[in-house]
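>>> I would like the atomic coordinates for the input below:
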Amino acid sequence: MIRTKSSTQGQVVRSEPALIWYCLAFLGFGFLAFQVYSSSLHGPFVFDDLFLPYTKPNAAILPLKAWLGVRPLLGLSLWIDFHLWGLNTLPYHVVNVLLHWSSAVLLFWIVRKLLSLAGTKGIHSYLLSFFAALLFLLHPVQTEAVSYIASRSENQSAFFLFSAFCIFLYRKSQAITWPVSLAVLALFLCALATKEHVVAFPALLLLTDYYWNPGFRFSGIRANARIYIPLALASVAGAGFVWRYVSADPAIGFHVPGLPWYSYFFTECRAFFKYLLLFVFPVDQNVDHDFPISHTLLEHGAAFALLVILFLISAAVVWRRKFPLASYGLLVFVIFLAPTSSFIPIHDVFVERRLYLPFIGLLLIAMEPLRKLSWRPATLGVFLACIAAIAGYLTWSRAHVWSNTMLLWQDSALKSPNKARVRQGLGNAYLHAGRCDQAVQEYDATARLQHPDFTLYYNWAMAYDCAHRPDRAAEMLGKATADRPTASAYAMLGYVHAEQGSWTASLDALLRAEQLDPGYALTYAYRGMVLVNLGQRDLALGQFAKCLELDPLNTIARNGWAAIKRDAARH
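The predicted structure follows:
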């Protein structure tokens, strides 16, 4: 397995493993990744997936520019998936697993290099590096980032960032060269174009140069101006872009209703330890945690959490020479967690996928005590393999929850029964499954937990319509249009009136929908249905044609068009 070479004294010394063993090991990584995530590979679009371009009715005719948005490389990858596979979720999930697998392979090389810089070499270095990569690959806390299609932003940005970090670590000289600098910068920009949280990458390189180039000195930083000057410029540009982005998004930034920056910071001080707990004991995982807000420093123990964080950072600095990997790992964890979990408010205060990139810091902390163990390699290998096996089983179990929308939201409702968004999500799952009465009950529960808004009224109406109660559906749609007049709500109201045989009311609602948005395809599909019932088939044909012009895949219009053509052919 290990290639050997002879020294000048004729002694045999260990060298690198043969390339074939690396290839087999990394292929084994891929096999394990697909095994543990096998149950979620056919998982449906959920949560934020439903707001991305590929689930829009007119996705097939959207220009590429509409897909790119603020994360152009992420949008491009989803655009490619959609135009290759349509709405078949399997390939989307496969890409996520492939990216996760690739990042684990890169992480092996990163950890191996850092262990070497810390003085750990030989067989223990290989064992610990493989274990770190396996734990990253198989840890259940990564399940959301891998099984959730919209979270491709996490593993795709991590892939680019780990690639850049590998090139930085494995450069041949202390002072970085221009070709290496440009390669690192290009990959960093790719990561930034996938998700903006990687803006902290320059801080990682500065920390790395201080710790390991040559070791707790600033000379390495001064020698690498070729990378830090362009990175500083890119970071400033990236920060400006992120600022414009957060200023326009009501769920992110300093204008999130009821969540000032200081309350978010106090809350994230507590979330810091929740993330640590999930790394050590990955239990009570949830797609939508009900994590209470600390409105003041004294609420829910935020002050104590802040003091402990400051102590840990201070200890990392003071004991950086005695415990270099643990010290470095803690600071890396803080650096990568800071963009999403510090001062800039985000509506969701605790999300498991945010641990995906900072996970590397926690792995390095774990490497510190493991590398000091004096166990024989076989004993250490068995111990590490047992931990990886347990993690893999837990991930396989958690991935099964992501295989089905109803399972996912039932699991969340069990753990967060008093969170309105969770109950609404479960209601949506019941509605999609045709369990209409249960959907109505969940929307009732949602309305008791929060003031109803347009989305709740609209979904509630669909549930009532599904339960064959068009009168209640019309009532809810009336409230929805009063809250926010949209083409979708008026078009649905027209459909419900048509179910009741109220043709005039239906046409009035559909006219209002067209006035609000002439590009909303379902308006014309529903109007076509009404005109068919009124015996005006020629006019209905025109409405179906207009719908198909806007949405070529619309089944109502396609079926209506085909039925009229068949009837015309018979006569």
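
>>> And the strands in this protein?
2-6, 12-17 (DSSP state E).

>>> Show the backbone phi and psi for residue 195.
Main-chain torsions, residue 195, degrees, to the nearest 10: phi -160, psi 140.

>>> Please renumber the chain so that the first residue is 372 from this point on.
Yep, numbering from 372; the last one is residue 566 now.

>>> Where does pLDDT dip in the protein?
372-387, 609-622, 942 (pLDDT under 70).

>>> per-domain residue ranges of it.
388-772, 806-941 (automatic domain parsing).

>>> Just tell me which of the ones you listed ends up closest to residue 799.
Evaluated over those, closeness to residue 799 peaks at domain 806-941, with 6.2 Å, by Cβ to Cβ. Every C-beta, even on glycine, is put in place using the N, C-alpha and C of the backbone.

>>> Would you reformat the domains of the chain as a markdown table and include mean neighbour count and distance to residue 794?
Output for the domains of the chain, formatted as a markdown table (neighbours: other Cβ atoms under 10 Å; distance: least, Cβ to Cβ, whole Å):
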| stretch | mean neighbour count | distance to residue 794 |
| --- | --- | --- |
| domain 388-772 | 18 | 10 |
| domain 806-941 | 19 | 5 |
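
>>> Just put those in JSON lines and tack on distance to residue 781.
Converted to JSON lines, those look like this (distance: least, Cβ to Cβ, whole Å):
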{"stretch": "domain 388-772", "distance to residue 781": "9"}
{"stretch": "domain 806-941", "distance to residue 781": "10"}
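
>>> so which of the ones you listed comes closest to residue 792?
domain 388-772 (6.0 Å).

>>> residue contacts, residue 677?
By Cβ atoms under 8 Å, 6 or more residues apart in numbering, the residues touching residue 677 are 637, 640, 668.

>>> any idea which of these is closest to residue 769?
Proximity of the contacts of residue 677 to residue 769 (Cβ to Cβ) peaks at residue 640, which lies at 26.6 Å.

>>> ok now do the nearest residue to that closest one once chain neighbours are set aside, which residues does it touch?
Leaving aside its sequence neighbours, residue 640 sits nearest to residue 676 (Cβ to Cβ, 6 or more residues apart in numbering; 4.1 Å). Neighbour list for residue 676: 640-641, 643-644 [criterion: Cβ under 8 Å, 6+ apart].

>>> so how far is residue 536 from the residue positioned nearest the centre of the chain?
Geometric centre of the chain, nearest residue: residue 522, 2.0 Å, by Cα atoms, centre = their mean. Remark: distance between residue 522 and residue 536 (Cβ to Cβ, to the nearest Å) = 21 Å.

>>> ok, now residue 404?
Here residue 404 is placed at a distance of 21 Å from residue 536 (Cβ to Cβ).

>>> what does residue 746 give?
29 Å.

>>> my guess is residue 691 contacts residue 698, does it?
Yes. Residue 691 is in contact with residue 698 according to Cβ atoms under 8 Å; the separation is 4.2 Å.

>>> what sits in contact with each of these two?
With Cβ under 8 Å, 6+ apart, residue 691 and residue 698 have common neighbours residue 582.

>>> Would you map the helices across the stretch 772-921 of the chain?
776-786, 791-803, 807-820, 825-837, 841-854, 858-870, 874-887, 892-904, 908-921 (DSSP state H, counting those that start in this stretch).

>>> Turn those helices into JSON lines, columns for distance to residue 444.
Formatted as JSON lines, those follow (distance: least, Cβ to Cβ, whole Å):
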{"stretch": "helix 776-786", "distance to residue 444": "27"}
{"stretch": "helix 791-803", "distance to residue 444": "29"}
{"stretch": "helix 807-820", "distance to residue 444": "36"}
{"stretch": "helix 825-837", "distance to residue 444": "30"}
{"stretch": "helix 841-854", "distance to residue 444": "36"}
{"stretch": "helix 858-870", "distance to residue 444": "30"}
{"stretch": "helix 874-887", "distance to residue 444": "34"}
{"stretch": "helix 892-904", "distance to residue 444": "29"}
{"stretch": "helix 908-921", "distance to residue 444": "29"}
